[in-house]
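Q: sequence unknown, structure follows:
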């Protein structure tokens with residue numbers, strides 16, 4: 001699902017599954033800010049149809065004219081409610097009861113965590129998610145096994161990747177004279193800044209016009225730099241940051257101060273990700289395609305908060321394996 005689709009506000013979207021065996025329909029009363037293509041792939045394996053209801057100035061007309069006829073085909077209805085749309089929640093519920101159908105009701109907060117494996121973030125900074133009202137951070141029972149994983153895995157990675165360090169040093173010098181390593185200020189745990197170390201993949205004048213997000217096929221990247229970015233080789237020097245205790249192997253990706261200031265002001269709960277140590281790779285990195293700006297930062301935060309809230313050794317190892325898959329598939333940037 002692209003950004004144009006999920007921000008459309010003109011009509012109700014009905015998606016039909018070709019594989020689901022159940023005769024159950026899913027109705028989501030507000031979807032603009034949390035669904036992406038991967039999410040729909042999951043849902044269309046579980047439900048025969050998925051009905052997405054956009055913004056409307058006249059919910060009575062929208063729901064009675066477009067949603068009501070669709071309900072006749074199904075005996076089971078799963079309604080995902082959003083507190084911001086109490087009126088349409090009530091209208092849909094009354095439609096289902098009137099048609100004598102079975103209904104299951106789930107809040108958007110629980111639905112995102114239980115079905116999409118991410119945490120729902122409200123549209124506006126002033127709104128809240130009840131499941132995030134308590135402080136999210138890693139307790140000692142989490143910090144200790146993470147530290148063991150960080151040290152052992154990083155030491156192993158350094159030893160097996162040493163030939164790549166030597167190769168990268170030579171290729172960078174050949175293609176772009178200047179420093180081999182690139183240091184960039186990032187925001188870490190408790191909002192403390194540190195300098196993240198990477199192999200330099202861009203020209204020396206890459207930010208002569210100011211800080212900007214990197215993009216796919218970035219013209220500032222030299223040829224071997226592009227290879228390093230897609231294969232994640234440029235991230236290897238961050239092993240040094242792990243030994244300095246700036247980074248963890250797995251965690252929210254650290255952003256630059258110039259960007260986090262904007263995100264803190266515009267994205268609810270964004271500062272929660274600074275209550276844990278950032279990582280070289282993370283749940284958001286393997287679950288969400290590369291993107292830049294507030295829209296993508298908000299989507300990535302949904303995965304980061306899920307990781308923080310639901311941390312387990314199993315999830316940690318899953319992210320490591322998915323990272324290997326991403327690297328081998330050269331899906332990085």
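A: In hand now; what should we look at? Being a predicted model, the structure only gives us computed values, none of them experimental. Numbers count the residues shown, from 1 in each chain.
Q: you'd agree residue 14 is up against residue 50?
A: Yes - assessed by CB atoms under 8 Å, residue 14 is found in contact with residue 50 at 7.4 Å. Where you see a C-beta, it was placed from the backbone N, CA and C, and this is true even at glycine.
Q: quick one: the strands in the stretch 51-200 of the chain?
A: 76-81, 102-107, 181-187, 193-199 (DSSP state E, counting those that start in this stretch).
Q: Now the residue nearest the centre of the chain: closest residue in space, sequence neighbours ignored.
A: When the chain is reduced to its mean C-alpha position, the closest residue under CA atoms, centre = their mean turns out to be residue 300, at 2.5 Å. Among residues not flanking residue 300 along the chain, residue 284 sits closest, at 3.8 Å (CB to CB, 6 or more residues apart in numbering).
Q: which stretches of the stretch 51-200 of the chain aren't confidently modelled?
A: 125-126, 134-135 (pLDDT under 70).
Q: mind listing the helices in it by residue range?
A: 59-62, 68-71, 86-98, 108-111, 140-175 (DSSP state H, counting those that start in this stretch).
Q: what's the closest of the ones you listed to residue 270?
A: Among the helices of the stretch 51-200 of the chain, the nearest to residue 270 by CB to CB is helix 108-111 (17.4 Å).
Q: Going by neighbour count, list what's buried in that closest one.
A: Neighbour-count burial for helix 108-111 flags 108-109, 111 (criterion: 16 or more other CB atoms under 10 Å).
Q: most tightly surrounded among the helices of the stretch 51-200 of the chain?
A: helix 108-111 (a mean of 19; mean count of other CB atoms under 10 Å).
Q: packing partners for it?
A: Counting contacts by 3 or more CB pairs under 8 Å, 6 or more residues apart in numbering; DSSP states H and E, helix 108-111 is packed against strand 76-81.
Q: Can you give me the separation between the nearest residue to residue 199 once chain neighbours are set aside and residue 226?
A: Using CB to CB, 6+ apart and skipping residues adjacent in sequence, the residue nearest residue 199 is residue 234, 4.4 Å away. Separation of residue 234 from residue 226 (CB to CB, to the nearest Å): 10 Å.
Q: Repeat that for residue 194.
A: 26 Å.
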